[in-house]
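Novice: following is a predicted model, sequence given first.
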Amino acid sequence: MPLTNPTLEGYNVVRNMWMKYYNPLKGTFIAPQKCNGCYNDDRFVIWAVAVAVQAVVDSARIYPEMIPLIEPSIRIFQKYKNTQMKGFSAAENGGADKDIYYDDDAQVASCMLTAFEVTGDKRYLDQGRELVRFLMGGWNDDPHAVTKGGVLWHVSKTYLNACTTAEVAKCCLQISKFIPNEAQHYIDFAAKCIDWQIKVLQDPKDKLIMDGVHKELDKVDDAKWSYNAGTTLSCASHLYFITRDDKWKQIATQLAQTVIDRNVTIYDRDYPMDKRYWRDSSYFVQLLIEGLADYLLYMGQEAPSELPDKIHEEIQRHLIMFYEYSRDPRDQLYIQSFEPHKTYNENKQKYIDHFEGKKDVGLKSEDCDSNGNSQKCLMGCGAAARCFFQGARVVPRIG
């Protein structure tokens, strides 16, 4: 059966994910067997939990029957909280673990703020506000740093990276809507983050966002991931909507045009132009799709006339490809790969026929168990649902 309703597909993934992973007796997500994203035999790192919880909240925005899942989902995060620092550790802990990543916590904050937006429950706004304040403390204000500014990746490391800086900015813009008397403080901080992102990490040649830089160095890690462009695009678009400053409009439009240019490195360019696709895993691509949807939302009629149709085309063909190659028809859940050759053996001939057999077919290691058999994981399922929910903002129906 072809994909026709991305929103319904997202709903089905969340429902199946919840039944497979959520354990009401433990009050958290439990892996039936160790899989990608587990830090021990059955518990997931907070990044995986945040992606899954955001998918739950996304589903509840559209399907009211999913609203009762929000409260137990948000409550899971408390198992990871460092009660002294007010941040959330990568693993469940007794309240003092300091293995805290600012980018993971930004995704947690976004879950809390979206949960408030969907339910109106002020508890989630209060939790989100406390966490956003913690995140803002990750700004690099070391006077001895070679590279000034940027948000740290981890509380005890010196790396300043794109995902952290943009995701923290994204949370600041998100919460600015809900606390008017503090709004300008958050907006100014977000603008400072994205200014740094463009000045320090944007490649002047292809306009993609590079990964990061250590604060004691000036050499940038030039790896380019789709989600770094996606989160920066979300923020620049939102900043333009709030400030009406043409600077943000120019940055956002340039980024939107860049991430759908099939010549840039976030695409697999081993194929003819009409068959090229975003090469990252779904947990990165979901944030790229969200960035494009945010661009169209915040730019409205001010987007260049041809760009909305091009964005629509690009998201639609990627959703169809993802559905056809990464979905397991046996349980309707998804592996993390977004690449059509990193798929099940049953899809080998379909890949050969459409993509001319350019690459060997086989699952990625993150989508396999220790015996090489296909295996789903919490983050892959949450990311898949988010790809469809965010994609549906641009492509509500297919066919």
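Specialist: Alright, I've got the coordinates.

Novice: A31 looks like it's in a strand, true?
Specialist: No: using DSSP: H, G, I helix; E, B strand; the rest coil, the secondary structure at A31 is coil, not a strand.

Novice: how deep is it tucked in, by neighbour count?
Specialist: By the measure other C-beta atoms under 10 Å, the count of residues near A31 is 22. Just so you know, the C-beta spots here come from the backbone N, C-alpha and C atoms, and that holds for glycine as well.

Novice: what does the pLDDT read for it?
Specialist: Listed pLDDT for A31 reads 98.

Novice: give me the element A183 is part of.
Specialist: helix 183-196 (DSSP states H and E).

Novice: partners of the helix or strand that that helix is followed by, with directions?
Specialist: Note on helix 183-196: by DSSP H and E, the next helix or strand toward the C-terminus is strand 210-214. Sheet pairing of strand 210-214 (DSSP bridges) gives strand 159-161 (antiparallel), strand 221-224 (antiparallel).

Novice: how far away from the center of its chain is the helix or strand hosting L296?
Specialist: Element membership of L296, judged by DSSP H and E, is helix 282-299. Centroid displacement of helix 282-299 relative to its chain, using C-alpha atoms, centre = their mean, to the nearest Å, is 9 Å.

Novice: list the buried residues in that helix.
Specialist: 282-296, 298-299 (16 or more other C-beta atoms under 10 Å).

Novice: quick one: contacts for L288?
Specialist: S226, Y227, A229, G230, L233, V259, I266, W278, D280 (C-beta atoms under 8 Å, 6 or more residues apart in numbering).

Novice: just the closest of those to A48, please.
Specialist: Nearest to A48, judged by C-beta to C-beta, of the contacts of L288 is Y227 at 14.9 Å.

Novice: element containing that closest one?
Specialist: Y227 belongs to helix 226-243, assigned by DSSP H and E.

Novice: and the next helix or strand past that helix?
Specialist: That would be, after helix 226-243 and using DSSP H and E, helix 246-259.

Novice: next, count neighbours for the closest residue to L217 other than its chain neighbours.
Specialist: Spatially, and ignoring its direct neighbours in sequence, L217 is nearest to V146 (5.8 Å; C-beta to C-beta, 6 or more residues apart in numbering). For V146, the count of nearby residues is 12 (other C-beta under 10 Å).

Novice: buried sites along the helix holding A183?
Specialist: Those would be A183, Y186, I187, F189, A190, A191, K192, C193, I194, D195, W196, for helix 183-196 by 16+ other C-beta under 10 Å.

Novice: next one: stretch 139-156
Specialist: W139, N140, A145, T147, G149, G150, V151, L152, W153, H154, V155.

Novice: name the nearest of those relative to D274.
Specialist: Once C-beta to C-beta is applied, the member of the buried residues of stretch 139-156 that ends up nearest D274 is W153, at 37.2 Å.

Novice: still on that earlier bit, let me have the strands paired with strand 210-214 in CSV, extended by mean pLDDT and mean neighbour count.
Specialist: Shown next, in CSV, are the strands paired with strand 210-214 (pLDDT from 0 to 100; neighbours: other C-beta atoms under 10 Å):
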stretch, mean pLDDT, mean neighbour count
strand 159-161, 98, 25
strand 221-224, 98, 15
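
Novice: now those strands as JSON lines including distance to I67?
Specialist: Output for these, formatted as JSON lines (distance: least, C-beta to C-beta, whole Å):
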{"stretch": "strand 159-161", "distance to I67": "34"}
{"stretch": "strand 221-224", "distance to I67": "38"}
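
Novice: among the ones you listed, which comes closest to V118?
Specialist: strand 159-161 (29.2 Å).

Novice: now tell me what touches that closest one from outside.
Specialist: Residues contacting strand 159-161 (C-beta under 8 Å, 6+ apart): 103, 140, 147, 149-153, 211-215.

Novice: let's see 7 Å
Specialist: N140, T147, G150, V151, L152, W153, D211, G212, V213, H214, K215 (C-beta atoms under 7 Å, 6 or more residues apart in numbering).

Novice: go ahead and confirm M136 touches F189.
Specialist: Yes: with contact defined as C-beta atoms under 7 Å, M136 reaches F189; the gap is 5.8 Å.

Novice: what sits up against stretch 231-241?
Specialist: Residues contacting stretch 231-241 (C-beta under 7 Å, 6+ apart): 163, 166-167, 169-170, 173, 190-191, 194, 197, 209, 248-249, 251-252, 255-256, 259, 287, 290-292, 294-295, 298-299.

Novice: can I get the CA coordinates of the helix holding A183 in PDB?
Specialist: As requested, C-alpha coordinates have been extracted for helix 183-196 and formatted as PDB (Å, rounded to 0.1, in the frame of the first residue of the first chain):
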ATOM      1  CA  ALA A 183      10.600  37.400  25.800                       C
ATOM      2  CA  GLN A 184      13.200  39.900  24.700                       C
ATOM      3  CA  HIS A 185      15.900  38.300  26.800                       C
ATOM      4  CA  TYR A 186      15.300  35.000  25.100                       C
ATOM      5  CA  ILE A 187      15.100  36.500  21.600                       C
ATOM      6  CA  ASP A 188      18.300  38.400  22.100                       C
ATOM      7  CA  PHE A 189      20.100  35.300  23.200                       C
ATOM      8  CA  ALA A 190      18.800  33.300  20.300                       C
ATOM      9  CA  ALA A 191      19.900  36.000  17.900                       C
ATOM     10  CA  LYS A 192      23.400  36.000  19.500                       C
ATOM     11  CA  CYS A 193      23.500  32.200  18.900                       C
ATOM     12  CA  ILE A 194      22.600  32.300  15.300                       C
ATOM     13  CA  ASP A 195      24.900  35.300  14.600                       C
ATOM     14  CA  TRP A 196      27.700  33.100  16.000                       C
END
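
Novice: run through the neighbouring helices and strands of that helix.
Specialist: Here helix 183-196 is seen to pack against helix 162-176, helix 226-243 when contacts are counted using 3 or more C-beta pairs under 7 Å, 6 or more residues apart in numbering; DSSP states H and E.

Novice: let's see it at 10 Å
Specialist: helix 122-136, helix 162-176, helix 226-243, helix 246-259 (3 or more C-beta pairs under 10 Å, 6 or more residues apart in numbering; DSSP states H and E).
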